[in-house]
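Peer 1: Turn this into a model:
(chains A and B)
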Amino acid sequence: MSIVLHDLKFHYPKSPANLILSIDTWDVPAKEKLFLHGPSGCGKSTLLNLISGMLPPSHGEMHILGEPLHKMSLRQRDNFRANNIGYVFQQFNLVPYLNAIDNIQLASHFSNKKLKTKLTSQIQTLLERLFLFESDWQKPVSQLSVGQQQRIAIARAMINTPKLLIADEPTSSLDPQNRDKFMSLLQALATEYEMTLLFVSHDNALSRYFDRAQALSSINLASTQY
Amino acid sequence: MFLRLAIKSLLHRKSSVLLTLFAMTLSIFVMLGVEHLRKQAKASFNHTISGVDLIVGARTSSLNLLLYSTFRIGSPTNNISWASFERIKSSDKVAWAIPISLGDSHKGYPVLGTNNDYFAHFKYGANQSLKFNKGEQLAQVFDVVLGFEIARKLGYQLGDKLTLVHGLVSTSFTKHSNKPFTVIGILNPTGTPVDQTLHISLQGLDSLHISPLTSMSNSNMPTNNNIAFNSKYTPKNITAFMIGLQSKMAIFSMQRHINTDKLEPLRAILPGVALSELWQTLSIVESSLRLISLLVFISAILGLSAMLLSSIKERSREIQLLRTIGAAPLFVYGFIKIEAMFITLLSLCCAIFLLYFSLLLSKSYILIQYGISVNTTLISLMNLPEFTLVILCTFIAAIPASITAFKGDQ
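Peer 2: This next block holds a predicted model:
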């Protein structure tokens, strides 16, 4: 199992009455490509922040890739995330003033995998694989198109060969052509690297790319308002 | 990676960073400059004269007497008679006495009439005697011993002839070009007004002021041509004199004795006391300068703090991203801190560089105009407190922004 949640509850520390997430049990098997959908504001980002260890749960247990994340300290969670989880957002995936290579190196810098000798060739392979031309590698990413930036974001998320790849509405800012290109690349890479892919979107049309589709409202008991 | 990220991030926000850098550089420049000049002025001041127990002149304020006798600033209210000088010198409490006569100049530099006792007894700095760089002391009526600065500035060598003028301006109409003086000695640099002074004999000075008519009527005065040097020569008046006593214990009684002299109204001052009095009058200027430079610095630091804080607001995405890819909050905290430190260190370097060159350029001007010898050594243990203050203030100023970044999404 990649993700095992048990009796998980989350509320912000300042408002304990306002429960945002309440999940009885939820499992995601390893190597599964799961599509999780739901309207904005239903707790999708919160769930992803919990799984990636950005937020600690208020109650309950969560095992990510077999590790008890709910027992870890902030520092351990940061370290765990850097080493095991790849993350692609809707936008602002990259440090705008760094070039593609520096952005990817930065992600590698925070992980424990110190394969610095092979790093450059690894980055180059990934970038080529994602159809990014060598002429664009040294430009600050802010000068590249959104489609190119999202593909660099995949490379950034993949560089530490994470076992879990989380994608939070990564295609929302892309046009249909770029979106299809992005989706097929993501799928191909996830298969190739044997990763669990957790893909979150409000756009149900994307569910056709995935093994399984699930509505967050079906597992989140706190979202009665939806 | 850490430094590289910080530098690229700074470069990314060039305009606001440059403005902050400029403001910081300027304020550190002002602060260091004021501090440096203050210290230098004070040191230079206290080193102007030493080993002289009393300065005696016509009755005037002690500051005025000190200014014209030591700094050659302003003019004496009156001369004093040679008889008074002789009378006081003959007192058994007095070890030595140096007569001085002022009022003439050469190309804007003051001319001092004195005798060879001046070179023997006058001291400056930490009890240092005047030393000859080249040549020797006065031997002839028309000999002149130059201060180091004059010789260097005007390019005079031993044996050169120069003419002196009456009054203190360089373009005087009453040039005595028929009485050339010969350079017989050049003194070592002292960093005091001595460097800008031409020293001639009292006899030579008086000879500047006599017309052929008066020289015939007054047999005591030296005549124009081929005057023999007379070590026993006595002028009628001198401007002031400096005395050294046999015992320091006698200073105050001697001062009272001179101040209450029945035959001529005289004034005796203790150079050290007068110097600190003079420094006291400048202390308001000194402390307001310090206050202003401190305020300038504080405003620049606040500017830096505001710049950092607003940059955090516009960079919240970037910080969130760094956190997501695994940067610890402490990394983000340090990242903001290092940016602030980088700006300040760069400003500090720029300011020191700028100050060094402005001092280098204005050094001679300051020396000539204010008689302050400024050294250009800026990086010394003396300046450590200022440097520490700058770094410490930056550290504090960067705290709000760093904390904001540190907390970030938590």
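
Peer 1: For the rest of this, base every contact and every neighbour count on C-alpha atoms.
Peer 2: Noted.

Peer 1: what about the closest residue to A:Q149 other than its chain neighbours, neighbour count?
Peer 2: Leaving aside its sequence neighbours, A:Q149 sits nearest to A:V141 (CA to CA, 6 or more residues apart in numbering or on different chains; 6.6 Å). If you count neighbours by other CA atoms under 10 Å in any protein chain shown, A:V141 ends up with 23.

Peer 1: what does A:Y209 give?
Peer 2: Neighbour number of A:Y209 under other CA under 10 Å is 15.

Peer 1: Pull up the gap between A:N18 and A:G41, please.
Peer 2: Distance, A:N18 to A:G41, using CA to CA, to the nearest Å: 14 Å.

Peer 1: again with B:L162
Peer 2: From B:L162 to A:G41 the distance is 95 Å (CA to CA).

Peer 1: do A:S22 as well
Peer 2: Going from A:S22 to A:G41 by CA to CA gives 14 Å.

Peer 1: With neighbour numbers in mind, choose between these two.
Peer 2: A:S22 (22 against 11).

Peer 1: May I have the beta-bridge partners of that one?
Peer 2: A:K9 (DSSP bridges).

Peer 1: Quick one: residues contacting it.
Peer 2: A:D7, A:L8, A:K9, A:F10, A:N220, A:L221, A:A222 (CA atoms under 8 Å, 6 or more residues apart in numbering or on different chains).

Peer 1: please redo it, this time with the cut-off set to 7 Å
Peer 2: The contact partners of A:S22, by CA atoms under 7 Å, 6 or more residues apart in numbering or on different chains, come to A:L8, A:K9, A:F10, A:N220, A:L221, A:A222.

Peer 1: contacting residues around the residue of the stretch 1-150 of chain B found nearest chain A?
Peer 2: With CA to the nearest CA as the measure, B:H12 is the residue of the stretch 1-150 of chain B nearest to chain A, at 5.9 Å. Going by CA under 7 Å, 6+ apart, B:H12 touches A:Y97.

Peer 1: And for B:V30?
Peer 2: B:V30 neighbours (CA under 7 Å, 6+ apart): B:S293.

Peer 1: so where does it fall, helix or strand?
Peer 2: helix B:14-46 (DSSP states H and E).

Peer 1: who does whichever helix or strand comes after that helix pair up with?
Peer 2: Note on helix B:14-46: by DSSP H and E, the next helix or strand toward the C-terminus is strand B:54-58. Sheet pairing for strand B:54-58, assigned by DSSP bridges, gives strand B:240-245 (antiparallel), strand B:266-269 (antiparallel).

Peer 1: what is the rounded mean pLDDT of strand B:54-58?
Peer 2: Average pLDDT, strand B:54-58: 91.

Peer 1: now the angle from the helix or strand following it to strand B:54-58?
Peer 2: Proceeding N to C from strand B:54-58, the next assigned helix or strand is helix B:62-70, under DSSP H and E. For helix B:62-70 against strand B:54-58, the angle by axes from the mean of the first three to the mean of the last three CA atoms, to 10 degrees is 100 degrees.

Peer 1: packing partners for helix B:62-70?
Peer 2: Contacts defined by 3 or more CA pairs under 7 Å, 6 or more residues apart in numbering or on different chains; DSSP states H and E place helix B:62-70 against helix B:271-281.

Peer 1: which parts of the stretch 301-410 of chain B sit against chain A?
Peer 2: Taking CA under 7 Å from any CA of the partner chain as the test, the list of the stretch 301-410 of chain B residues beside chain A reads B:R317, B:E318, B:L321, B:I325, B:G326, B:A327, B:A328.

Peer 1: Now with 6 Å, please.
Peer 2: Applying CA under 6 Å from any CA of the partner chain, one finds that the stretch 301-410 of chain B approaches chain A through B:I325, B:G326.

Peer 1: In which helix or strand does the closest residue to chain A within the stretch 151-300 of chain B reside?
Peer 2: Using CA to the nearest CA, the closest approach of the stretch 151-300 of chain B to chain A is made by B:A300 at 26.5 Å. Counting by DSSP H and E, the element that carries B:A300 is helix B:283-314.

Peer 1: Of all the residues in that helix, which ones are buried?
Peer 2: Within helix B:283-314, the residues scored as buried using 16 or more other CA atoms under 10 Å in any protein chain shown are B:286, B:289-290, B:292-294, B:296-298, B:300-309, B:312.

Peer 1: For that helix, what does the pLDDT average out to?
Peer 2: Helix B:283-314 comes out at a mean pLDDT of 84.

Peer 1: Could you name the helices and strands sitting against that helix?
Peer 2: The criterion is 3 or more CA pairs under 6 Å, 6 or more residues apart in numbering or on different chains; DSSP states H and E, and the helices and strands that helix B:283-314 contacts are helix B:14-46.

Peer 1: can you state the direction angle for the helix it packs on and helix B:283-314?
Peer 2: Using the same axes, to 10 degrees: helix B:14-46 against helix B:283-314 is 160 degrees.

Peer 1: How far away from the center of its chain is helix B:14-46?
Peer 2: 18 Å (CA atoms, centre = their mean, to the nearest Å).

Peer 1: same deal with stretch B:346-354?
Peer 2: Put simply, stretch B:346-354 sits 24 Å off its chain's centre (CA atoms, centre = their mean).

Peer 1: And stretch B:245-263, by the same measure?
Peer 2: That offset, for stretch B:245-263, works out to 30 Å (CA atoms, centre = their mean).

Peer 1: Show me which of the contacts of A:S22 are buried.
Peer 2: A:L8, A:K9, A:F10, A:N220, A:A222.

Peer 1: just curious, which of those residues is nearest to B:T344?
Peer 2: Using CA to CA, A:F10 is the member of these that lies nearest B:T344, at 43.1 Å.

Peer 1: ok now do that closest one, which residues does it touch?
Peer 2: Contacts for A:F10 (CA atoms under 6 Å, 6 or more residues apart in numbering or on different chains) come out as A:I20, A:L21, A:P57, A:S58.

Peer 1: Kindly provide the distance from the first one to A:G43.
Peer 2: To tie it back to what came earlier, the one meant is A:I20. 6 Å.

Peer 1: before we move on, what about the second one?
Peer 2: Counting by CA to CA, the gap between A:L21 and A:G43 amounts to 7 Å.

Peer 1: More neighbours: which of those two?
Peer 2: Each of A:L21 and A:G43 has its neighbours counted (other CA under 10 Å); A:L21 has more, 24 against 20.

Peer 1: correct me, but the more buried one touches A:D7?
Peer 2: No - taking contacts as CA atoms under 6 Å, A:L21 lies outside contact range of A:D7: 10.2 Å.

Peer 1: sorry, back to before: buried only: go through the contacts of A:F10 for me.
Peer 2: A:I20, A:L21, A:P57, A:S58.

Peer 1: show me the residues around A:D168 that make contact.
Peer 2: A:F89, A:Q90, A:V200.

Peer 1: filter those to the buried ones?
Peer 2: Buried among the contacts of A:D168 (16+ other CA under 10 Å): A:F89, A:Q90, A:V200.

Peer 1: Going by distance to chain B, which of the residues you listed wins?
Peer 2: A:F89 (9.4 Å).

Peer 1: Pop out the phi and psi values for that closest one.
Peer 2: Main-chain dihedrals, A:F89, degrees, to the nearest 10: phi -100, psi 180.

Peer 1: pull the longest helix from chain A.
Peer 2: Among the segments of chain A that qualify as a helix by DSSP state H, the longest is helix A:176-192.

Peer 1: Name the next helix or strand downstream of that one, please.
Peer 2: strand A:196-201.

Peer 1: What strand or helix carries B:I251?
Peer 2: Going by DSSP H and E, B:I251 is part of helix B:251-259.

Peer 1: packing partners for that helix?
Peer 2: strand B:266-269.

Peer 1: any idea of the mean pLDDT for the strand it packs on?
Peer 2: 91.

Peer 1: Show residues contacting it.
Peer 2: B:L54, B:I55, B:V56, B:G57, B:A58, B:R59, B:Q255, B:N259.

Peer 1: Recalculate using a threshold of 7 Å.
Peer 2: B:L54, B:I55, B:V56, B:G57, B:A58, B:R59, B:T60, B:S62, B:Q255, B:I258, B:N259.
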